[in-house]
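Engineer: kindly return the folded structure for what I paste below:
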Amino acid sequence: MNHDRAAIRSLLGLLLAGLLGLSGPAQAAWQSTESIRQAAADFLERQYDDPDTRVEIGHLDPRLRLTRCRQPLIVARLPGAREVGRSSLQIRCPDRPGWKIHLGVQIRRFDTVLVARHSLPRGTLLAAEDVMAVRRDVSGLNGGYFRSVAEIRSMVARRSLRKGRVLTPAVVTPPKLVRRGQLVTILARAGNLTIRVRGKALADGRRGDTIRVRNTRSRRELQATVVDAGTVQVNL
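Structural biologist: Here you go, the predicted structure:
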């Protein structure tokens with residue numbers, strides 16, 4: 001009799017544990033958070049199969065209760081999600097009824113970038129000895145960066161730069177080749193014919209800028225493109 005009672009208590013215990021989600025068989029009814037993260041990891045590995053990219057997959061609450069999917073999970077990038085930096089994935093179970101969740105990921109991309117070798121005052125004309133190439137996480141450098149000394153040669157620091165600061169287009173600028181009030185050479189091109197006249201710059205300008213200049217002889221004002229130090233060009 002005691003044996004029968006013990007068996008009944010054991011059976012009731014198993015049934016109760018099953019109803020409360022405490023037993024192995026009940027746990028198997030839920031999709032494990034590890035399987036969800038693994039599906040995301042497999043997707044990202046296919047997307048970023050290169051040594052310069054590192055991926056960190058976000059945390060999932062281990063208490064998450066999603067019905068175990070009978071089919072393979074479907075992973076997709078959310079519309080508008082970023083390719084690098086903080087991003088999100090959608091993981092979906094295609095069963096009926098199914099479920100879907102969003103999972104945050106951090107995608108870090110590394111590249112060679114130029115940084116300031118030492119502190120640089122504002123207005124410094126950059127030279128090779130002012131910079132050095134290092135390996136950095138560039139996933140947050142949305143405005144771009146420089147990889148070689150040739151790209152920043154003759155550039156000027158827009159602001160004071162501390163040692164180790166990554167050089168980006170926001171912190172350096174091409175030098176001004178023409179200053180307001182400066183006498184300049186105006187090149188006027190018409191087909192194969194080039195005419196040179198003297199003029200006066202009415203604004204500062206860097207290479208490629210369009211500025212106003214005044215012909216010192218005719219006093220006529222023109223729109224001209226800065227092509228070199230002290231030289232602008234007008235296309236007729």
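
Engineer: sec struct for Ala39, please.
Structural biologist: Per DSSP: H, G, I helix; E, B strand; the rest coil, the local secondary structure of Ala39 is helix.

Engineer: so what's it closest to, chain neighbours aside?
Structural biologist: Excluding the flanking residues, the one nearest Ala39 by C-beta to C-beta, 6 or more residues apart in numbering is Leu73, at 4.3 Å. The C-beta positions use only the backbone N, C-alpha and C, and glycine is treated the same way.

Engineer: now for the longest strand anywhere in the chain, which elements pack on it?
Structural biologist: Counting residues, the longest strand in the chain under DSSP state E turns out to be strand 99-116. Here strand 99-116 touches helix 33-47, strand 53-57, strand 85-93, strand 131-137, helix 149-152, going by 3 or more C-beta pairs under 8 Å, 6 or more residues apart in numbering; DSSP states H and E.

Engineer: and Tyr222, helix, strand or coil?
Structural biologist: I think there's a mix-up here, since residue 222 is Leu and not Tyr. Quick answer, by three-state DSSP: Leu222 is strand.

Engineer: what's the burial count for the nearest residue to Ala203 once chain neighbours are set aside?
Structural biologist: Excluding the flanking residues, the one nearest Ala203 by C-beta to C-beta, 6+ apart is Ile211, at 4.3 Å. Applying other C-beta atoms under 10 Å, we find 19 residues neighbouring Ile211.

Engineer: any chance you could list what contacts the helix or strand hosting Ile211?
Structural biologist: Remark: Ile211 resides in strand 210-215, with elements defined by DSSP states H and E. For strand 210-215, contacts defined as C-beta atoms under 8 Å, 6 or more residues apart in numbering pick out 178, 184, 186, 197-205, 220-226, 232.

Engineer: mind running it again at 10 Å?
Structural biologist: The set of residues external to strand 210-215 that reach it, using C-beta atoms under 10 Å, 6 or more residues apart in numbering, is 178, 180, 182-186, 188, 197-205, 220-226, 232, 234.

Engineer: what do you get for stretch 146-155?
Structural biologist: By C-beta under 10 Å, 6+ apart, the list of residues contacting stretch 146-155 reads 111-115, 124-133, 138, 145, 166-169, 171-175, 177, 207.

Engineer: select only the buried ones of these in PyMOL?
Structural biologist: Applying 16 or more other C-beta atoms under 10 Å to the contacts of stretch 146-155 leaves a buried subset, and the PyMOL line that selects it is:
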select buried, resi 113+114+115+124+126+130+131+138+145+166+167+171+172+177
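
Engineer: identify the bridge partners of the residue nearest to Ala203.
Structural biologist: Legend: beta-bridge partners of Ile211 under DSSP bridges are Ala224.
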